[in-house]
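1. Fold the stuff below for me.
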Amino acid sequence: PNSYKLLHVHAIPCYTKIVPQKSLKAKNMTIRKHITQQDIKNAAPGAVAWELPDSSAPGLVLKIAPSGLKTWVVRYTPTGGRRNNKKLGTYPAMTVAMARAQALKVLGQATAGKDPGRDAKREKRATLGVYVRGQYTEYAQANLLRHRAALQGIESDFGNLFNKPMTEISEMDVQRWRARRAKEQKPVAFATIQRSFTALKACLNTAQKTHKVITHHQLSGVTLKRTTAQLETAGEKPPRFLSRNDEYPRLVAALNARQTRMRASGLPCMDGQYTDHLMPLVLVALHTGLRAGDLFSLEWSHINLERGQITKVINKTRRKTVKPVTLPLRNDAVAVLKDWRAQSSGGGLVFPSPVTGKKIGSVKTAWRNLMAAADIQDFRFHDLRHTFASWLVMQGESLFTVQKLMTHSTAEMTQVYAHLSDDHLRQAVELRG
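-> Model prediction:
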C-alpha cells in the first residue's frame, strides 16, 4: 500500500589543493629572517597579497601585492595604546636599510607613548590650504607685520598645492613652480623667488613647530640655488644708488617743488616745515638706511634725539630675535626728525597715514610721481637704503661698519657694495696722479 520512490544520490567529488612545503615556508608569516636584497627580488607576487617579515626590526614587513607592488609597513603598539601600523614607503625607492631605520624610529616613538600611524593619518588631512586659511591666518595676524602680503603671496605662488597634504609637498613641487615662473614674460629676480620660497617654508615650519599639525615636512633641508641664467646675470646689476652731485639734488628739488604746489593748490597741508609725511619720510630713509617696513612701524618711543639714536627691533629679523638694535643717527636725520616732531603729536607712529592715522601700507603712487618729477629712472624707494650704504663705502667706511649700520645678518650681504670702495680708491689715485 505504501509506495516508495527510489532516490538516486550523486556523489560530488571534492578537491584539495596541495601546496608544496617549500612554498608554505616562503609565505609563512610566522617565519622571520634578516631580509636581504636577494630575498626582495625573489619575493614574487601571488594570487593574494602576502608578507615577508624582517627579524632585524621587530614589526617590519614587506607586503607584496598581486600587482607586484612591494610596500614597507611597520606594526607597533604604543605604550598604553592600541596596536597600529604605518606605511613607510615602497621598494625600490625605499631600500631595506632605509626601511629598518624608519621602522626603528617609529618603534622608538611608540615606546615613548606616541602613535606615528595616527599622526600620519591626521597629517594626511592637514592640507596646505586648510592650514593657511585657518590656523596660519590667525598666527600671521598676530605675529607678522605684513600678514596680508604674506598670506596673499603664499596663495598666489602656491595655490595649486592647497589641496595637497603639507607633508607631501616636495622639492619637486618647488622646482615645478620655479619652472612656471621662469616662463613668465618679465624675468623674475632670484631674490623674489627666494622670498616666496622662504614664506612657504616659514608656513610649514610654523605648522610643525608651533601648531604641531604635522611632525615633519620635506622642505626643511631644501635651499634654492640660482639657475644658470640667474648666475650669468647675477653680477650684471649692482645696487642702484643716487649720484650725489646729480640725482640727489634733483630729488630734493622735486620734494621742495611738491610742497610748494601743495600749498599753492589749497590742498590740506600741515603747519610747519613739511606739508605732509612724504618729504621727511624720504629724507629719513636716505639718512638712516632703514627699510620701508621699519620706517612705517617706527615710533617716537624708539627715537632718542638728544643722544641721536634709534633703538628698535628690526622687522625682517623679529621672528628669529626680538632683541632691539641701537643705531646712531646722522645729524641730517636728527634735524629732519626734530622739525617733523615739532609739527606732529610727538607720540605713537612717526609717520602715520594722513588718512587713517594708522601705519602706512605703501607710498608707491607718491613715489612714482616724485620720481617722474625728479626725472630719475629705475629707482625704487628701497634704493634709498642702497644709497645710504653706497655713500658710506665711497666715503671710506669699512664694510664691517656698513654691515652693522645696515643690520645685515652676514658679511656676505654687505659684499655687494665692496666694488664701490675699490672704484672710489682708484678714482682718488687717478686724481692725485
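
2. Quick check: the residue nearest the centre of the chain vs Pro280, distance?
-> Nearest to the mean C-alpha position of the chain, counting by Cα atoms, centre = their mean, stands Thr198 at 2.0 Å. With the distance defined as Cβ to Cβ, to the nearest Å, Thr198 ends up 32 Å from Pro280. Where you see a C-beta, it was placed from the backbone N, CA and C, and this is true even at glycine.

3. give me the element the residue nearest to the centre of the chain is part of.
-> Element membership for Thr198 (DSSP states H and E) is helix 190-209.

4. List the buried residues in that helix.
-> For helix 190-209, the neighbour count (16 or more other Cβ atoms under 10 Å) marks 190, 193, 196-197, 199-204, 206-208 as buried.

5. Also stretch 134-150?
-> For stretch 134-150, using 16+ other Cβ under 10 Å, the buried residues are 135-136, 139-140, 144, 146-147, 150.

6. pLDDT at Leu425, what is it?
-> Looking at Leu425, its pLDDT reads 53.

7. Begin at 44 from now on, thanks
-> OK, 44 is where the count begins now, so the last one is Leu468.

8. Show me what counts as buried in stretch 249-268.
-> 249-251, 256-257, 260-262, 267.

9. Compute the first-to-last residue distance for that stretch.
-> End-to-end span of stretch 249-268 (Cα to Cα, to the nearest Å): 23 Å.

10. Over to stretch 400-409?
-> This stretch, stretch 400-409, spans 17 Å end to end (Cα to Cα).

11. swap in stretch 326-342?
-> Where stretch 326-342 begins and where it ends lie 16 Å apart, using Cα to Cα.

12. likewise stretch 367-374?
-> 22 Å.

13. Please report how far the nearest residue to Ala335 once chain neighbours are set aside lies from Met313.
-> Spatial nearest neighbour of Ala335, chain neighbours left out: Phe424 (5.8 Å); criterion: Cβ to Cβ, 6 or more residues apart in numbering. Distance, Phe424 to Met313, by Cβ to Cβ: 21 Å.

14. and for stretch 305-324, what are the contacting residues?
-> Outside stretch 305-324, the residues within contact range by Cβ atoms under 8 Å, 6 or more residues apart in numbering are 298-299, 301-302, 338, 379-380, 382-383, 385-387, 394-395, 397, 403, 406, 409, 413.

15. from memory Ser98 sits against Lys76, does it?
-> Yes. Ser98 is in contact with Lys76 according to Cβ atoms under 8 Å; the separation is 5.4 Å.

16. one step back: farthest pair in the buried residues of stretch 249-268?
-> Val256 and Leu267 (24.5 Å; Cβ to Cβ).

17. which residues touch Val379?
-> 323, 326-327, 330.

18. top of these by neighbour count?
-> Ranked by neighbour count (other Cβ atoms under 10 Å), the contacts of Val379 have Val327 at the top, with 26 neighbours.

19. picking up where we left off before, my read is the residue nearest to Ala335 is in a strand, agree?
-> No. Using DSSP: H, G, I helix; E, B strand; the rest coil, the assignment for Phe424 is coil, not a strand.

20. Contact partners for it?
-> Taking Cβ under 8 Å, 6+ apart as the test, what Phe424 contacts is 328, 335, 406-407, 410.

21. now do Lys381
-> Leu348.

22. Off-centre distance for the helix or strand hosting it?
-> Lys381 is part of helix 374-385 when elements are defined by DSSP H and E. The chain centroid and the centroid of helix 374-385 are separated by 37 Å under Cα atoms, centre = their mean, to the nearest Å.

23. Go through that helix and flag the buried ones.
-> For helix 374-385, the neighbour count (16+ other Cβ under 10 Å) marks 376-377, 379-380, 382-384 as buried.

24. again with stretch 133-141
-> Neighbour-count burial for stretch 133-141 [16+ other Cβ under 10 Å]: 134, 137, 139.

25. between these, which is closest to Arg125?
-> Nearest to Arg125 among the buried residues of stretch 133-141, with distances taken as Cβ to Cβ, is Met137, at 25.8 Å.

26. Quick check: the closest one touching Val117?
-> No. In this structure, Met137 is not within contact of Val117 by Cβ under 8 Å, at 11.6 Å.

27. so what sits against both of the two?
-> 131, 145.

28. Okay, now the unreliable bits of the chain?
-> In the predicted model of the chain, residues 44-74, 160, 162-166, 270-280, 360-365, 464-476 satisfy pLDDT under 70.

29. Tell me how far the residue nearest to Ala461 when sequence neighbours are not counted lies from His451.
-> Distances taken as Cβ to Cβ, 6+ apart put Leu442 closest to Ala461, at 6.2 Å, once the chain neighbours are dropped. Look at Leu442 and His451: by Cβ to Cβ, they are 10 Å apart.

30. Gly439 now?
-> Separation of Gly439 from His451 (Cβ to Cβ): 19 Å.

31. same question, Trp115
-> 46 Å.

32. Neighbour count for the two, which is higher?
-> The neighbour comparison of Trp115 against His451 (other Cβ under 10 Å) goes to Trp115, with 26 against 17.

33. Look up phi and psi at the more buried one.
-> Taking degrees, to the nearest 10, you get phi -80, psi 130 for the backbone angles of Trp115.

34. so what's it up against?
-> 103-106, 130-134, 137, 142, 145-146.

35. What ranges does the stretch 294-443 of the chain have for its strands?
-> Per DSSP state E, counting those that start in this stretch, the stretch 294-443 of the chain carries strands over the ranges 346-347, 352-355, 368-371.

36. With mean neighbour count and distance to Asn206 as new columns, can those be given to me in a markdown table?
-> Output for those, formatted as a markdown table (neighbours: other Cβ atoms under 10 Å; distance: least, Cβ to Cβ, whole Å):
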| stretch | mean neighbour count | distance to Asn206 |
| --- | --- | --- |
| strand 346-347 | 18 | 48 |
| strand 352-355 | 18 | 41 |
| strand 368-371 | 15 | 42 |
